[in-house]
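need a structure here:
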Amino acid sequence: MAKVLVTGMSGTGKSTVLRALAARGHRAVDTDTERWSRWVTLPDGSTDWVWREDAVVALLEGHHAGHLFVAGCKSNQGRFHRSFDQVVLLSAPAEVLLSRIARRTDNPYGKRAEERAEILRNLTEVEPLLRATATAEIDASGPVEAVVGHLERLACTRVQLSAGQSLHHRHRGGHPLLP
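All right, here's what the predicted structure looks like:
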């Protein structure tokens, strides 16, 4: 039994991978819905789509059998990293992200020019933060089946973090690259 957070920028394939994992019999939760996330107003007046912390706590504490894959990229997800056995960053080049976003039909985000600019800005500013806290990274520009297989193998690998410890155990193409 493992709890795996699958995170990454818009267009990396988080939702597609989750559907494939669910089809293989795993419990897969996409947190990009009102059941798991909510809008909050920040002190500067801007808004942010964050996890409903009570719902995520209940999800994680209530999981007792099989692998649980949770996908999302929220500003408050770091509060939950120690509740996961793996925090996996899906990454892909900007061209791949923008191409996928242009073709997808299940999510309107990224169709407007200002949203594409935000995605590119997040790739530069947010993805390095995700990378710094991930236990593994998968190049998601390849076939979905390969990414899913890699996630399943990672679910069988435990990474133990002690308080205050930062572990960078990255995987690319199935081969661990030690820091």
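
what's the spacing between Tyr31 and Arg103?
Actually, residue 31 is Thr rather than Tyr. The spacing between Thr31 and Arg103, counted by C-beta to C-beta, to the nearest Å, is 23 Å. Any C-beta I mention is one placed from the backbone N, CA and C, and that applies to glycine too.

so between the two, which is more surrounded?
Thr31 (25 against 8; other C-beta atoms under 10 Å).

that one and Ile101: what is the separation?
Distance from Thr31 to Ile101, by C-beta to C-beta: 19 Å.

what's the answer for Thr7, then?
To Ile101, Thr7 is 17 Å away according to C-beta to C-beta.

for the protein, what spans make up the helices?
14-23, 53-61, 94-103, 113-125, 127-133, 144-155 (DSSP state H).

who are the packing partners of the longest one?
The helices and strands touching helix 113-125, judged by 3 or more C-beta pairs under 8 Å, 6 or more residues apart in numbering; DSSP states H and E, are helix 94-103.

give the buried residues for the helix it packs on.
By neighbour count on 16 or more other C-beta atoms under 10 Å, the buried set for helix 94-103 is Val96, Leu97, Leu98, Arg100, Ile101.

now those residues in JSON lines, with pLDDT?
Compiled in JSON lines, the buried residues of helix 94-103 are given as follows (pLDDT from 0 to 100):
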{"residue": "Val96", "pLDDT": "94"}
{"residue": "Leu97", "pLDDT": "92"}
{"residue": "Leu98", "pLDDT": "92"}
{"residue": "Arg100", "pLDDT": "92"}
{"residue": "Ile101", "pLDDT": "90"}
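
right, and out of those residues, which lies closest to Gly110?
Ile101 (3.6 Å; C-beta to C-beta).

and the closest residue to that closest one other than its chain neighbours, how many neighbours?
Spatially, and ignoring its direct neighbours in sequence, Ile101 is nearest to Gly110 (3.6 Å; C-beta to C-beta, 6 or more residues apart in numbering). Gly110 has 17 neighbours, counted by other C-beta under 10 Å.

and Gly25, by the same measure?
9.

which residues touch it?
Gly66 (C-beta atoms under 8 Å, 6 or more residues apart in numbering).

next, give phi and psi for it.
phi 100, psi 10 (degrees, to the nearest 10).

go on, Arg104?
Torsion angles, degrees, to the nearest 10, at Arg104: phi -70, psi 150.

how close does it sit to Ser10?
Distance from Arg104 to Ser10, by C-beta to C-beta: 10 Å.

these two: which is more packed in?
Ser10 (22 against 17).

excluding its backbone neighbours, what's nearest the more buried one?
Counting by C-beta to C-beta, 6+ apart, the residue nearest Ser10 is Ile119, at 5.4 Å.
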